[in-house]
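> Sequence first, predicted model second:
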Amino acid sequence: MSSKNNDAVQVIASNRRARYNYTILSTLECGLVLQGTEVKSLRQRHVHFGDAYALLRAGELFLIGMNIDPFSHGTHSNHEPQRTRKLLLHKREIRKLTRHVQQDKNTLIPLQLHFKNGKAKVLLGLAQGKTHTDKRKTIQKREMDREVGRVLKRGNR
């Protein structure tokens, strides 16, 4: 028996910008096909989401635009930082996502990258783009919550 927690999730990176630019409708965890030096680089947390998104192509799902820096101790066989990476999902999940993306004009955005039981996973969000007005409302709500927190903190003293 192992003393480790089997459901341990080690977060590598979060895409905070995605929650600002998009309204997240639902999330889905999927696997990621990586090369050896990419995994080593992920363990060092050398990853940038930038304008990453997932794309459905020929019944398969691919992650485009995510930058995993080359491994610092890699050799000539180091990976390409901006390469397209395949995502692993069941066919029924891919069909369901295809329907949502094509009919509702939604986008698949990576929200978080983490290790789960030693395997790299991506938390994908089915997202709908926010307008400039929606972004303003998000900022106003956040500021109001902060102000309420300050008032409550002062009241407890």
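Done, it's in.

> so L42 touches D69, yeah?
No: between L42 and D69 there is no contact, the gap being 9.6 Å when judged by Cβ atoms under 8 Å. (Glycine included, C-beta is placed from N, CA and C.)

> Looking at these two, which one has more neighbours?
In this view L42 and D69 are compared by other Cβ atoms under 10 Å, and L42 has more residues nearby, 21 against 16.

> Name the SS class of the more buried one, please.
helix (DSSP: H, G, I helix; E, B strand; the rest coil).

> for R142, same thing?
Secondary structure state of R142, per three-state DSSP, is helix.

> Distance check, it against T27.
Look at R142 and T27: by Cβ to Cβ, to the nearest Å, they are 21 Å apart.

> so where's this protein uncertain?
Scanning the chain for pLDDT under 70 picks out the ranges 1-7, 72-81, 157.

> Try it again at 90.
By pLDDT under 90, the low-scoring segments of the chain are 1-23, 26, 33-53, 55-59, 65-85, 95-107, 117-120, 127-135, 137-139, 152-157.

> Quick check, L63 in contact with A54.
Yes: the pair L63 / A54 is scored as a contact, 5.4 Å apart, by Cβ under 8 Å.

> which residues do these two both contact?
Listed as contacting both L63 and A54 by Cβ atoms under 8 Å, 6 or more residues apart in numbering are L87, P110.

> any chance you could map the strands in the chain?
Using DSSP state E, the strands assigned to the chain run over residues 9-14, 22-32, 47-48, 53-57, 60-64, 67-68, 85-88, 107-116, 119-129.

> now the angle from the second one to strand 60-64?
Just to be clear, that refers to strand 22-32. 110 degrees (axes from the mean of the first three to the mean of the last three Cα atoms, to 10 degrees).

> where's strand 22-32 relative to the chain centroid, distance-wise?
Distance of strand 22-32 from the chain centroid (Cα atoms, centre = their mean, to the nearest Å) equals 7 Å.

> Any buried residues in that strand, and which?
Neighbour counts using 16 or more other Cβ atoms under 10 Å place Y22, L28, C30, L32 of strand 22-32 among the buried residues.

> quick check, nearest of these to H100?
L28 (10.3 Å; Cβ to Cβ).

> Having no further points to raise, I will conclude here.
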